[in-house]
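>>> Sequence unavailable; structure follows:
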């Protein structure tokens, strides 16, 4: 063998050995709604993915982000593509409850942990063989429904008209608020539905006004949730207005304008991070995210929905070191270990709250994950 050939083979062998020593990257698949009726949720979530860690314990973290347009069929196609083609070790998404609900069976079938960015408690409860693979970082609608009912009772509200999306988000809120209202002795005198893509809800507004409620609760998310409230104002309704935490972004304030002034709603602490007392353990984490997001996207650009994606990254990052001790990325064993490690998290501080997971609890937030705010002069104002 010539010296030249021997040197070439030796060099190739060294290169291969070096290549084999490179740690296997961890693949993160993301499907969110950056277009369509939930774009005001998905766009800040996409921007927040860019703020997540790119290396943990010597392993690169690689992200593949797809848009599902809030379409359930597309969301299912995306999660299958992310798992089958990019070999995702964990899935983040989707932005909406219907899309996330549709993804559960795939996550369970493929045995890949999924962190939803949608609100409904039905995503993780009741726990079963499918949901054991699913976690969620937004507050459960049950937690927020209790906060609304408590505020209504203190404000002297005796009767409420309810209008929500005609999908899993609205259905979940109808059930949870119905429970919370009953516990506080509040009567629901009208129940209406509307679609995320509707251009008019005049009929529903007139029916609610005919019931003469003390207050109206709109159970929607993103900018479409402004439509019922604007319609009610145009028709002369002067009662109290409540919304869910699904509208906590600047796009809603822009679309709602003066018609949403005085609206009361529960939100995650991130929304009013600067107004929190320094003693609140969530404040530092929330401000860290706010500063990073606005540095990348401009002053005043931060949104609660983007923070959910950041919290998903926080949960994932906290679990990865333990999973790496048990298996290599890209294997079924690593995905199972990652699921187990997320389920074992205790007192994990996020931008929206402090989470403690368990085999029966895959959201983990308590009342520290909510505060009540009012829309005052186009801004979110923390209520006492």
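Done, it's in. Because the structure is predicted, anything quoted here is derived from the model rather than measured. Residues are numbered from 1 along each chain as shown.
>>> Show me the shaky parts of this protein.
1-22 (pLDDT under 70).
>>> mind listing the helices for the chain?
For the chain, the helices defined by DSSP state H occupy 3-21, 39-49, 72-84, 97-110, 141-154, 168-183, 202-210, 226-234, 250-256, 283-297, 304-324, 332-343.
>>> closest to residue 370 out of these?
Nearest of the helices of the chain to residue 370, taken as Cβ to Cβ: helix 141-154 at 5.2 Å. For glycine as for every other residue, the C-beta is placed from the backbone atoms N, C-alpha and C.
>>> Specify the angle between that closest one and helix 97-110 in degrees.
On the basis of axes from the mean of the first three to the mean of the last three Cα atoms, to 10 degrees, helix 141-154 is oriented at 150 degrees to helix 97-110.
>>> Need the contact partners of helix 141-154.
119-121, 160, 172-173, 176-177, 179-181, 183-186, 215, 217, 240, 242, 244-245, 264-266, 365-367, 369-370, 372, 383 (Cβ atoms under 8 Å, 6 or more residues apart in numbering).
>>> Would you mark the buried spots in it?
The neighbour-count check on helix 141-154 (16 or more other Cβ atoms under 10 Å) flags 141-149, 151-153 as buried.
>>> ok, these vs residue 190, which is closest?
residue 152 (15.2 Å).
>>> Could I get the helices of the chain in TSV, plus columns for distance to residue 271?
Formatted as TSV, the helices of the chain follow (distance: least, Cβ to Cβ, whole Å):
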stretch	distance to residue 271
helix 3-21	45
helix 39-49	12
helix 72-84	26
helix 97-110	20
helix 141-154	12
helix 168-183	19
helix 202-210	27
helix 226-234	17
helix 250-256	10
helix 283-297	9
helix 304-324	5
helix 332-343	25
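>>> Give the burial count for residue 182, as a bare number.
Residue 182: 12 surrounding residues under other Cβ atoms under 10 Å.
>>> what's the spacing between it and residue 158?
Going from residue 182 to residue 158 by Cβ to Cβ, to the nearest Å gives 13 Å.
>>> now residue 328
Distance of residue 328 to residue 158, given as Cβ to Cβ: 60 Å.
>>> For residue 29, give its distance to residue 194.
32 Å.
>>> I meant to write residue 150 there.
Distance from residue 150 to residue 194, by Cβ to Cβ: 26 Å.
>>> got a list of what residue 194 touches?
So residue 194 contacts 163-166, 201, 204, 220, 227-228 (Cβ under 8 Å, 6+ apart).
>>> end-to-end on stretch 123-140?
Taking Cα to Cα, to the nearest Å, stretch 123-140 runs 9 Å from one end to the other.
>>> repeat for stretch 60-78
With Cα to Cα, one end of stretch 60-78 sits 22 Å from the other.
>>> List of residues touching it?
23, 25-38, 42, 46, 49, 52-55, 81-82, 86, 88, 93-96, 98-103, 106, 196.
>>> Can you read off the backbone torsions of the most centrally placed residue in the chain?
In the chain, the C-alpha nearest the mean C-alpha coordinate belongs to residue 117, at 2.7 Å (Cα atoms, centre = their mean). Dihedral pair for residue 117: phi -110, psi 20, per degrees, to the nearest 10.
>>> Once you drop chain neighbours, what's closest to it?
Of all residues not flanking residue 117 in the chain, residue 308 sits nearest, at 4.5 Å (Cβ to Cβ, 6 or more residues apart in numbering).
>>> so who does that neighbour touch?
Taking Cβ under 8 Å, 6+ apart as the test, what residue 308 contacts is 45, 117, 137-138, 352.
>>> re the thing from before, if I look at the residue nearest to the centre of the chain, how far off is residue 31?
Taken as Cβ to Cβ, the span from residue 117 to residue 31 is 10 Å.
>>> so what sits against both of the two?
Listed contacts common to residue 117 and residue 31 are 92-94; contacts here mean Cβ under 8 Å, 6+ apart.
>>> Would you reformat those as CSV and include neighbour count?
Putting the shared contacts of residue 117 and residue 31 into CSV (neighbours: other Cβ atoms under 10 Å) gives the following:
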residue, neighbour count
92, 29
93, 29
94, 36
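>>> Just the ones in strands from the residues you listed, please.
92-93 (DSSP state E).
>>> Out of the shared contacts of residue 117 and residue 31, the closest to residue 357 would be?
Among those, residue 92 lies closest to residue 357 (Cβ to Cβ), at 16.3 Å.
>>> so what's the closest one bridging to?
Note on residue 92: beta-bridge partners by DSSP bridges are residue 30, residue 115.
>>> which one of the contacts of residue 308 has the most neighbours?
Comparing the contacts of residue 308 by number of neighbours (other Cβ under 10 Å), residue 138 comes first, having 33 neighbours.
>>> Ignoring the adjacent residues along the chain, who's closest to it?
Closest residue to residue 138 apart from its sequence neighbours, by Cβ to Cβ, 6+ apart: residue 119 at 4.5 Å.
>>> Skipping adjacent residues, who's closest to residue 234 in space?
residue 259 (7.8 Å).
>>> check contacts around that neighbour.
226, 229-230, 233-234.
>>> filter these to the buried ones?
By 16+ other Cβ under 10 Å, those give 226, 229-230, 233 as buried.
>>> re earlier: out of the helices of the chain, which is closest to residue 130?
Closest approach to residue 130 among the helices of the chain is made by helix 97-110 (4.0 Å; Cβ to Cβ).
>>> how near is residue 328 to residue 25?
11 Å.
>>> More neighbours: which of these two?
When residue 328 and residue 25 are compared for neighbours, residue 25 comes out ahead with 16 against 13, by other Cβ under 10 Å.
>>> Residue 72 versus the nearest residue to the more buried one once chain neighbours are set aside, what's the distance?
Leaving out its chain neighbours, the residue that sits closest to residue 25 by Cβ to Cβ, 6+ apart is residue 60, at 4.1 Å. Applying Cβ to Cβ, the value for residue 60 to residue 72 is 32 Å.
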